[in-house]
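> pasting the sequence and the predicted coordinates here, then a few questions.
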Amino acid sequence: MVISQASQSTPGNCYLSPHLKPGNGYIDQHIKVMENLGFRIKPLASLGQDFLKRSIPPGSIIDVHWMEEWPISKSRNSISVTGLFKFCVMLLLFRLSGVPLVWQRHNYIGHDATGIGQKISRWAISSLEKIATYKLAHFESRSLVPNYQYSPHPIYTDKLVSDRWTEGSPRFVCFGAVKRYKRIPELLSIWPKETPLQIVGRCRDETLEEEINSIINLRHLDVQCDFRFVSDQEIPDLMSASDVLVLTHGEGSAVVSGAYYMAKSYGCIILAQSSEFIDSMAKTTRGVYAFNSPENLRENIERVNAFRNQNSREDIFQESCEQYSIDACALRYKDIFSMST
């Protein structure tokens with residue numbers, strides 16, 4: 001295993017941030033990938049103590065996600081002084097420790113960040129880029145290549161919960177936290193009146209919630225909203241009771257959509273707003289359809305019906321396992337880290 005230019009040892013510690021993130025199954029799956037490689041998972045907070053004790057074992061890595069969010073305030077339009085201080089201290093510790101830094105970039109810029117919040121997000125990203133040993137992204141977008149290496153996004157299950165489509169017409173769902181960058185009002189402004197849609201996820205923005213309800217009422221849409229937090233225990237039943245996940249992320253927000261991989265984990269079809277990521281997936285992946293206009297949206301809803309008649313959830317799930325299972329992800333990381341097999 002080659003983790004740094006000077007080290008050819010077995011895996012040591014993986015100093016991970018966030019170490020635990022309730023409600024985010026991604027971190028749980030990522031931990032499985034790192035453990036599959038032989039790393040011992042430790043919280044990033046323990047790096048300083050291990051550094052002072054000189055007890056960091058050879059072959060260790062620092063593995064950070066969403067760290068560019070630290071200096072942004074909760075309002076998303078200003079600086080968090082505490083977060084900025086923590087960020088700067090941690091960057092200094094990264095340099096002093098000499099442990100290779102693995103930075104997984106999930107966003108092009110902090111979600112919903114505006115004004116100074118957007119500027120500090122860009123600064124934080126630039127700072128991480130300068131010191132990271134490995135810069136990784138779950139999609140090889142034009143703006144990230146060749147500076148970033150591709151790492152697969154793990155799917156969330158290793159077994160298909162249900163291999164059956166729902167009875168009758170396809171069930172369409174928008175699932176996940178309801179936020180401005182997901183552009184749900186824009187979707188509802190062109191969504192066909194005759195096609196039922198369910199929106200499920202917590203919305204902390206009262207103005208956005210009112211805007212969504214207003215469009216539904218004004219256009220007399222067959223849309224049901226359930227603005228609440230969905231627990232991990234509820235997700236399997238919710239996804240298995242849905243056929244099509246509808247995604248509307250705007251270009252330039254997230255590098256990929258976590259909901260996309262959630263849908264793949266349960267064998268769902270994906271109907272999504274056109275973007276570089278979605279367009280690429282639609283060309284190479286089973287059961288992915290991109291729309292960019294009201295007419296195109298209707299056409300793809302018809303294609304979804306045809307696909308469901310000719311393919312099964314199992315077909316989608318098996319293809320996803322080949323690309324994004326824990327073993328598949330670990331194999332790619334072995335290549336990134338030049339680890340012997």
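Sure thing, it's come through.
> quick one: pLDDT of the residue nearest to residue 192 when sequence neighbours are not counted?
Closest residue to residue 192 apart from its sequence neighbours, by C-beta to C-beta, 6 or more residues apart in numbering: residue 298 at 5.9 Å. Backbone N, C-alpha and C define where each C-beta goes, glycine included. Residue 298 carries a pLDDT value of 95.
> how far away is residue 298 from residue 190?
Note on residue 298: its distance to residue 190, by C-beta to C-beta, to the nearest Å, is 9 Å.
> phi, psi for the residue lying farthest from the centre of the chain please.
Within the chain, the residue lying farthest from the chain centre (C-alpha atoms, centre = their mean) is residue 53, at 35.3 Å. Taking degrees, to the nearest 10, you get phi -80, psi -10 for the backbone angles of residue 53.
> residue 97 versus that one, what's the distance?
Distance of residue 53 to residue 97, computed by C-beta to C-beta: 12 Å.
> quickly find the element holding residue 283.
Using DSSP states H and E, residue 283 sits in helix 276-284.
> domains of this protein?
13-154+325-336, 172-321 (automatic domain parsing).
> circling back: contact partners of the helix holding residue 283?
The contact list for helix 276-284, computed with C-beta atoms under 8 Å, 6 or more residues apart in numbering, reads 139, 141-142, 247, 251, 255-257, 260, 270, 272, 288-290.
> now these as CSV including distance to residue 65 and pLDDT?
Shown next, in CSV, are the contacts of helix 276-284 (distance: C-beta to C-beta, whole Å; pLDDT from 0 to 100):
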residue, distance to residue 65, pLDDT
139, 15, 95
141, 18, 90
142, 22, 88
247, 21, 95
251, 22, 73
255, 12, 92
256, 13, 93
257, 15, 90
260, 17, 95
270, 23, 97
272, 23, 96
288, 25, 97
289, 29, 97
290, 27, 96
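> which among the residues you listed end up buried?
Buried subset of those (neighbour count, 16 or more other C-beta atoms under 10 Å): 139, 141, 247, 255-257, 260, 270, 272, 288-290.
> which SS class is the closest residue to residue 31 other than its chain neighbours?
The spatially closest residue to residue 31, leaving aside those adjacent along the chain, is residue 41, at 5.5 Å (C-beta to C-beta, 6+ apart). Following DSSP: H, G, I helix; E, B strand; the rest coil, residue 41 is assigned to strand.
> lowest-pLDDT helix or strand in this structure?
helix 235-240 (a mean of 92; mean pLDDT, DSSP states H and E).
> picking that back up, figure out how far the helix holding residue 283 is from the centre of its chain.
Relative to its parent chain, helix 276-284 has a centroid offset of 16 Å by C-alpha atoms, centre = their mean, to the nearest Å.
> mean confidence for that helix?
Mean per-residue pLDDT for helix 276-284: 94.
> for that helix, output the C-alpha coordinates as PDB.
C-alpha atoms of helix 276-284 as PDB (Å, rounded to 0.1, in the frame of the first residue of the first chain):
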ATOM      1  CA  GLU A 276     -24.000  17.400 -16.700                       C
ATOM      2  CA  PHE A 277     -24.200  14.500 -14.100                       C
ATOM      3  CA  ILE A 278     -27.700  13.400 -15.000                       C
ATOM      4  CA  ASP A 279     -27.100  13.600 -18.800                       C
ATOM      5  CA  SER A 280     -24.000  11.400 -18.400                       C
ATOM      6  CA  MET A 281     -25.900   8.900 -16.300                       C
ATOM      7  CA  ALA A 282     -28.800   8.800 -18.800                       C
ATOM      8  CA  LYS A 283     -26.400   7.800 -21.600                       C
ATOM      9  CA  THR A 284     -24.700   5.000 -19.700                       C
END
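> how about the spatially most central residue of the chain, nearest residue that isn't a chain neighbour?
Central residue of the chain (C-alpha atoms, centre = their mean): residue 258, 3.1 Å from the mean position. With sequence-adjacent residues excluded and distances taken as C-beta to C-beta, 6+ apart, residue 258 is closest to residue 26, at 5.9 Å.
> show residues contacting whatever helix or strand the residue nearest to residue 192 lives in.
Using DSSP H and E, residue 298 sits within helix 294-310. For helix 294-310, contacts defined as C-beta under 8 Å, 6+ apart pick out 165, 169-170, 190-192, 195, 243-244, 269, 271, 287, 289-291.
> at 6 Å instead, please
Outside helix 294-310, the residues that touch it by C-beta atoms under 6 Å, 6 or more residues apart in numbering are 165, 170, 190, 192, 244, 269, 271, 287, 289, 291.
> right, and the helix or strand after that helix?
By DSSP H and E, the next helix or strand past helix 294-310 is helix 313-324.
> how far off centre is that next one?
With C-alpha atoms, centre = their mean, you get 18 Å for helix 313-324.
> tell me which residues of that helix are tucked away?
Neighbour-count burial for helix 313-324, counted by 16+ other C-beta under 10 Å, picks out 313, 316-317, 320-321, 323-324.
> output the contacting helices and strands for the following helix or strand past that helix.
The first helix or strand that comes after helix 313-324 along the chain, using DSSP H and E, is helix 326-336. The helices and strands touching helix 326-336, judged by 3 or more C-beta pairs under 6 Å, 6 or more residues apart in numbering; DSSP states H and E, are helix 25-37.
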